[in-house]
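Engineer: This is a predicted model, with the sequence first.
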Amino acid sequence: MSISNKTDFQRLMKNRRDLYQFFARFFASEIDEEFFEQLKHIEFPADREENALTEFQDALIRLNEYFEYDAGESLEDLAADYAKTFLGAGVAQGDAAFPYESVYTSPKHIMMQDAWSQVCEIYEAKGIERNDEAGDWLEDHISMEMEYMAYLCDETSEYTETLTGLEEQKAFLNTHLLNWAPEFCLKIKECADTEFYRMVGQLTTGFLQLDSFILDRMIVDRKSGTAYSRSCRISRELMNRTLRKLKNEYRIYAPVHRPDRGRWETDGLIRYQEISSLEEIVTDRQSDFSPKEVIFPVSQPIFKFDEDTCRESVSSDPKGIIIFARPCDVNGLKRLDNMFLANGGVADTYYSRNRSRVKIFMMECEQSWDNCFCVSMKTNKADYYSVACRLSGNEILLKIKDAEFAEYFDWAKTCEYEPQFIMENERKVTVPEITDSAMLRQIADLDMWKDYDDKCISCGGCNTVCPTCSCFETVDFLNQENSRKGERRRLWSSCMIPDFSKTAGGNIARKFPRQMMRYKTLHKVYDYNKRFGGNEHMCVGCGRCMQRCPEDISFADTINRLTEEAQKLKNASAAAEE
């Protein structure tokens, strides 16, 4: 998303402002004839590359088909459905897709909670006052939050230095709209009777995802100076020389073979460590551990304390971080980003400090390993990287997308290299389609979970090697000579060990392996997906958990079996309705 001059930038900001106001109109009131006609003739570019990276492309196709084939829904039908879907009119239980952030982010799922207070403070800080058009809306109504994004677009277009404005937009989009709107749009799909409003829900989610993508690109461009894309070839010797130069500015991590580690002396262990040359990087085997521990350490100091003071543990390391990672792990880092930076409205400070220093060098996979099922999880491809590289052979091929690295390779011979991705795994997985909470309750009681009481030993090894497991606990380590001195750290934890669910008083919510396996599996293929917009799953299909498991439990088989059981439940439900 390269913008070469201020005029182009202002045009983009105006277009984004208009789009936010356009989407705000969907939820402001019933659709009138003027807006309906406008919608018929609006043209979105459906074939843009960035559309395909979000749900927006499918939503645009659905929008075009709605008008092309005429669903036969009148304005009266849409007005009635608006009242039912967003206001709960005519629904005895009052179940509706209520358009307020607090309903989706507060523990009691009611209005005027923390999210409402937060946006009130944000509007007040900007000097924004309610107008008559707002009517009875509360400040965290989706239309008001979208109108605020439109306001920020206008404001940013007038800045001389635009980075601050773009980051302010990104913060509000992540902390508020994207923190609840995807779940709200899924609720629309559940409550709406008309194809129109079901389509609007998908269109809204797709637009917010697309705008997040656009903002990310613009922020990267501003930070790096200019957008950049160049492919080149370089000898191994010169690549090693370049790595040595990069080490002056970055700590460089890659999968390294440690023969002295691991369960078997002959195999050793492949784990992410700092490197100085390409020869240290293992490319013909999958790493046993993921790169997440570079950003999210196994043991991370939080603060030190003594009798009188408490001092936060903050790294003074001025260097950035380069991580050589495969596509599935690049996607794994993006899922960690969601959980640590965009979940609940408050970014995790300790994760954020490390993550902001990271640049990704994406390594091509030479092959698909036995336990991989990344294609099934749609994580075999990755677009989010600074440099893509093919490391096999005497010549190294690079695609550089981050201008920050241009000067390191500006002398290299240009070529036509594009990264190649694994397009088929031997192992196939089908993710279950869980349609509603009633079905979820039935899944929780499936007999299949009981099998794991005999199979699983609750060691937690699968969580340790997983690139997307993010659970931790905080532990105080006291000085052996003075118990009033010590350090608080956060340590990796595991939902597959019984003490993970222990609460004050000693109660353990999930005592048996069957309960833990059910919890983990649904988190990987259902809960995360629902929480973050329904467009991706938490599991990235790397297969490390199966490689690590001492009891040879196949998580791929677990997912496939769950899919079979879910289909049986759907069939039984359909038969009961006939």
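Structural biologist: Perfect, thanks for sending it.

Engineer: Show me the shaky parts of the stretch 451-578 of the chain.
Structural biologist: Low-confidence segments of the stretch 451-578 of the chain (pLDDT under 70): none present.

Engineer: now the strands for it?
Structural biologist: Listed in chain order, the strands of the stretch 451-578 of the chain (DSSP state E, counting those that start in this stretch) span 472-478, 486-492.

Engineer: deepest of those strands, which one?
Structural biologist: Ranked by mean neighbour count under mean count of other Cβ atoms under 10 Å, these are led by strand 486-492, which reaches a mean of 17. C-betas here are computed from N, CA, C, even on glycine.

Engineer: Now find how far off-centre that one is within its chain.
Structural biologist: With Cα atoms, centre = their mean, to the nearest Å as the basis, strand 486-492 stands 26 Å off its chain's centre.

Engineer: same question, stretch 445-464
Structural biologist: With Cα atoms, centre = their mean, you get 26 Å for stretch 445-464.

Engineer: what about that stretch, start to end distance?
Structural biologist: Terminal residues of stretch 445-464 lie 27 Å apart, using Cα to Cα, to the nearest Å.

Engineer: Now tell me what touches it from outside.
Structural biologist: Residues outside stretch 445-464 that contact it (Cβ atoms under 8 Å, 6 or more residues apart in numbering): 289, 469, 471, 492-498, 512-518, 520, 545, 548-551, 553, 555, 561-562, 565.

Engineer: before we move on, back to that, take the strands of the stretch 451-578 of the chain and write them to TSV, including distance to Thr435.
Structural biologist: Listed next are the strands of the stretch 451-578 of the chain as TSV, based on distance: least, Cβ to Cβ, whole Å:
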stretch	distance to Thr435
strand 472-478	33
strand 486-492	34
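
Engineer: Can you check which of these gets nearest to Pro255?
Structural biologist: Among these, strand 486-492 comes nearest to Pro255, with 18.9 Å by Cβ to Cβ.

Engineer: low-confidence ranges in the stretch 1-150 of the chain?
Structural biologist: Residue ranges of the stretch 1-150 of the chain with pLDDT under 70: 1-6, 43-57, 59, 62, 64, 71, 90-94, 130-135.

Engineer: go again using 80 as the cut-off
Structural biologist: Scanning the stretch 1-150 of the chain for pLDDT under 80 picks out the ranges 1-9, 37-73, 88-95, 111, 125-137.

Engineer: and what of the stretch 301-450 of the chain?
Structural biologist: By pLDDT under 80, the weakly predicted segments of the stretch 301-450 of the chain are 314-318, 342-346, 356, 403-404.

Engineer: redo that, cut-off 70
Structural biologist: For the stretch 301-450 of the chain, the stretches with pLDDT under 70 are 345.

Engineer: mind listing the helices for it?
Structural biologist: Using DSSP state H, counting those that start in this stretch, the helices of the stretch 301-450 of the chain run over 327-341, 349-355, 406-409, 437-444.

Engineer: which parts of the third one are buried?
Structural biologist: This means helix 406-409. Tyr408, Phe409 (16 or more other Cβ atoms under 10 Å).

Engineer: same question, the second one
Structural biologist: In terms of neighbour count (16+ other Cβ under 10 Å), helix 349-355 has its buried residues at Tyr350, Tyr351, Asn354, Arg355.

Engineer: Name the surrounding residues that touch that helix.
Structural biologist: Contacts of helix 349-355 (Cβ under 8 Å, 6+ apart): 294-296, 300, 302, 314-315, 321, 336-337, 340-341, 490.

Engineer: Can I get these in CSV including distance to Ala254?
Structural biologist: Shown next, in CSV, are those (distance: Cβ to Cβ, whole Å):
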residue, distance to Ala254
Val294, 10
Ile295, 14
Phe296, 17
Gln300, 21
Ile302, 28
Val314, 26
Ser315, 21
Ile321, 12
Leu336, 18
Asp337, 21
Phe340, 23
Leu341, 24
Arg490, 25
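
Engineer: which of those are buried?
Structural biologist: Using 16+ other Cβ under 10 Å as the burial test, the contacts of helix 349-355 include Val294, Ile295, Phe296, Gln300, Ile321, Leu336, Asp337, Phe340, Leu341, Arg490 as buried.

Engineer: before we move on, back to that, between the contacts of helix 349-355, which is nearest Ser376?
Structural biologist: When the contacts of helix 349-355 are compared for distance to Ser376 (Cβ to Cβ), Leu336 wins out at 20.6 Å.

Engineer: The closest residue to Tyr20 other than its chain neighbours and Arg17: what is the separation?
Structural biologist: Among residues not flanking Tyr20 along the chain, Ala150 sits closest, at 4.0 Å (Cβ to Cβ, 6 or more residues apart in numbering). To Arg17, Ala150 is 4 Å away according to Cβ to Cβ, to the nearest Å.

Engineer: List the contacts of Ser231.
Structural biologist: Counting by Cβ under 8 Å, 6+ apart, Ser231 makes contact with Leu397, Leu398, Lys399, Ile400, Thr414, Cys415, Glu416, Tyr417, Glu418.

Engineer: Surely the second one and Ala388 touch.
Structural biologist: Yes. Counting by Cβ atoms under 8 Å, Leu398 touches Ala388, with 7.0 Å between them.

Engineer: hmm, back to that, how about TSV for the contacts of Ser231, with neighbour count and distance to Arg198 added?
Structural biologist: Below are the contacts of Ser231 laid out as TSV (neighbours: other Cβ atoms under 10 Å; distance: Cβ to Cβ, whole Å):
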residue	neighbour count	distance to Arg198
Leu397	21	45
Leu398	24	44
Lys399	20	39
Ile400	23	42
Thr414	10	48
Cys415	15	47
Glu416	8	43
Tyr417	18	43
Glu418	10	37
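
Engineer: so can I have JSON lines of those residues showing distance to Arg326?
Structural biologist: As requested, these are exported to JSON lines (distance: Cβ to Cβ, whole Å):
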{"residue": "Leu397", "distance to Arg326": "16"}
{"residue": "Leu398", "distance to Arg326": "16"}
{"residue": "Lys399", "distance to Arg326": "15"}
{"residue": "Ile400", "distance to Arg326": "18"}
{"residue": "Thr414", "distance to Arg326": "25"}
{"residue": "Cys415", "distance to Arg326": "22"}
{"residue": "Glu416", "distance to Arg326": "22"}
{"residue": "Tyr417", "distance to Arg326": "17"}
{"residue": "Glu418", "distance to Arg326": "17"}
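
Engineer: now, which of these sits nearest Glu30?
Structural biologist: Minimum distance to Glu30 across the contacts of Ser231 is 48.3 Å, recorded for Glu418 (Cβ to Cβ).

Engineer: quick one, what contacts that closest one?
Structural biologist: Glu418 is in contact with Ser231, Lys399, counting by Cβ under 8 Å, 6+ apart.

Engineer: can you check Arg16 too?
Structural biologist: By Cβ under 8 Å, 6+ apart, the contact list for Arg16 reads Met149, Ala150, Cys153, Asp211, Ile214.

Engineer: Any idea how many residues pack against the third one?
Structural biologist: Pointing back at Cys153 there. Each residue near Cys153 was counted by other Cβ atoms under 10 Å, and the total is 24.

Engineer: Pull out the buried positions in stretch 233-251.
Structural biologist: Within stretch 233-251, the residues scored as buried using 16+ other Cβ under 10 Å are Arg233, Ile234, Met239, Asn240, Thr242, Leu243, Leu246, Tyr250, Arg251.
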